[in-house]
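> 3D model of this:
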Amino acid sequence: MEKLRLPIYESLRSISKKLKGSFHALPIQNIKNSRDVILSPGFVKALEQTKNLELSITGPFFDSLTDPSSFIDESCSLLKNIYSSDSSLLVSCGSSIANKIAIEALCNTHDKVICQNGVHQSIYFSLKSSNINVNYIDDIACKSDIGVTGADANSIIENLKQAEESGTPYSVLIVNSQTYDGICFDFKLFLEAVCQIAPNLEKIILDEAWGAWSAFDPLMKETSAIHNARIFSDAYNKNIVVIHSLHKTLFTFRQASLINFYGNSEYADRLIGSHFRNHTTSPSYPILCSSELAIFHANEFGKEYSERSRKLVDKVRNFINENLSGFEIEENKTNSKYLTTDPTKLWITCKSHLFNGEKIREHLFNNYGIYISRYFKNSFLLNFHYGVNDEIVEHLINSLLLMDRRIHTKNEKLDLSIGDVSESFFILYPPGIPVLKPGQRVCENALSKINQSLFDNTSLLVVDGN
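Reported below is the predicted structural model:
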């Protein structure tokens, strides 16, 4: 009998063996490859044990997530104290469901909604399925050379103002707190402006999927959704929901999410009802356990993690600026006083036209076990989440150094762009056939072949055409 083929299991097992560190998300996956982690006593052991808690037990021995009355209820009360919220709801099936829960609870068909264009797809789908009237405000470029966009905060404020003046005010505002690319709202300034010019705006949904860590960062906290939701809900009588995708930046299993609410009891009750209707009645207990563990851990050690992240970002920035000539740092820029930048995100550009972001991404993973997700043209993005530490950064630096040396071992004539006219023969061996000949214009196909040769160690010969 043939051996049973398990493609998902076998693929993930192979990838797990190769992976040395991720600069994307899910900090928990870096723990197994690192020793230098800020951990409370027993944290790793407790986290390891949570995967064994896949149980099917409810009351009276445990509790019900959708109708908590004992242990889960007690945990959520502790979370309310951490986040200073009026209610906190755990979600074990992702922020897409968390967004649906929030929209169904806060939005009605008679609501007039203004929404940032750059929000998660689940927000679009939930609004559309509810037949809600929405005005989407396009995002604008913050740094076009690396494809970074951010909310058009000024247009959002202007639209709110005009609607109030015309007697047709918006009742709901929805924005993305932090983009993956590293552009964040300064909610201290933005919500102040919004609340002053839009007194009829009753409900605000802040999707802070990539910013669960910011509530525990002493510097980012001042501009975060969590901190300012409490302030402006109290000061202007607003109902504000903040949604976190915990597994993206904290040490939780996925899909761990959290809904924090600030406002009156009517909408708090509606959130509970929506949570009951939309959440699975069979939640993952390991996810719930890891959420509780990670949040309490971040509450205790968030300052240390934040300080370490900044030091590691500076370490990589300084190393590239001082030691590598083939790479350079791209500093994020904002387009409004209402926006700020995420200090845990670092964009790096390769100066050579031959090394595009896609190939760099492939090379880093295939040769060094370093995973990155976002790239654009010749640039790629590093996310210094809680799981990134000194060991992983040292591995990254050494990998970039080897790549930088490879760039300079190639003849300067390799610095080609599409449309250039070749002055030489470019010959790949094997098979020994010229990719470019003297006088031939460089096309995308030829450049791609030359590019690939630099990564797979194929012999590339450059012979003068004279």
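
> what is the mean pLDDT for the top helix by length along the chain?
Counting by DSSP state H, the longest helix found in the chain is helix 285-323. The pLDDT scores in helix 285-323 average 94.

> which strands and helices lie in contact with it?
helix 43-50, helix 71-83, strand 87-91, strand 327-330, strand 345-350, helix 390-409 (3 or more C-beta pairs under 8 Å, 6 or more residues apart in numbering; DSSP states H and E). Quick note: C-beta positions are derived from backbone N, CA and C, even for glycine.

> and with 6 Å instead?
helix 43-50, strand 327-330 (3 or more C-beta pairs under 6 Å, 6 or more residues apart in numbering; DSSP states H and E).

> with respect to Glu304, which of the ones you listed lies nearest?
With C-beta to C-beta as the criterion, Glu304 lies closest to helix 43-50 of these, at 12.8 Å.

> relative to helix 285-323, how tilted is the closest one?
140 degrees (axes from the mean of the first three to the mean of the last three C-alpha atoms, to 10 degrees).

> send me helix 43-50 as PDB with only the CA atoms.
Extracted in PDB, the C-alpha atoms of helix 43-50 (Å, rounded to 0.1, in the frame of the first residue of the first chain):
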ATOM      1  CA  PHE A  43       5.400  31.900  30.100                       C
ATOM      2  CA  VAL A  44       6.700  29.500  27.400                       C
ATOM      3  CA  LYS A  45       5.700  26.500  29.500                       C
ATOM      4  CA  ALA A  46       2.200  27.800  29.900                       C
ATOM      5  CA  LEU A  47       2.000  28.700  26.200                       C
ATOM      6  CA  GLU A  48       3.100  25.200  25.300                       C
ATOM      7  CA  GLN A  49       0.500  23.700  27.500                       C
ATOM      8  CA  THR A  50      -2.400  25.700  26.000                       C
END
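
> in its sheet, what does the helix or strand containing Phe261 sit against?
Assigned by DSSP states H and E, Phe261 belongs to strand 257-262. Applying DSSP bridges, strand 257-262 is found paired with strand 87-91 (antiparallel), strand 239-245 (antiparallel).

> out of those strands, which one sits most buried?
Ranked by mean neighbour count, these are led by strand 239-245 with a mean of 28 (mean count of other C-beta atoms under 10 Å).

> pretty sure Lys339 is touching Asp152, no?
If you look again at residue 339, you'll see it is Leu, not Lys. No: using C-beta atoms under 6 Å, Leu339 is not in contact with Asp152, being 9.7 Å away.

> identify the residue spatially nearest to Thr109, adjacent ones excluded.
Nearest residue to Thr109, sequence neighbours excluded (C-beta to C-beta, 6 or more residues apart in numbering): Asn131, at 5.6 Å.

> which of the helices and strands packed on helix 285-323 has the lowest mean pLDDT?
helix 43-50 has the lowest average pLDDT among the helices and strands packed on helix 285-323, namely a mean of 84.

> for that helix, buried residues please.
By 16 or more other C-beta atoms under 10 Å, the buried positions in helix 43-50 come out as 43, 47, 50.

> now stretch 299-314
299, 301-303, 305-306, 308-309, 312-313.

> hang on, the earlier thing: okay, the strand holding Phe261 in PDB with CA atoms only?
C-alpha atoms of strand 257-262 as PDB (Å, rounded to 0.1, in the frame of the first residue of the first chain):
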ATOM      1  CA  SER A 257      -9.100  38.900  18.300                       C
ATOM      2  CA  LEU A 258     -10.500  41.200  20.900                       C
ATOM      3  CA  ILE A 259     -13.300  43.700  20.800                       C
ATOM      4  CA  ASN A 260     -13.100  46.600  23.300                       C
ATOM      5  CA  PHE A 261     -16.100  48.900  23.600                       C
ATOM      6  CA  TYR A 262     -16.500  52.400  25.100                       C
END
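
> after that strand, which helix or strand is next?
Counting by DSSP H and E, what follows strand 257-262 is helix 265-278.
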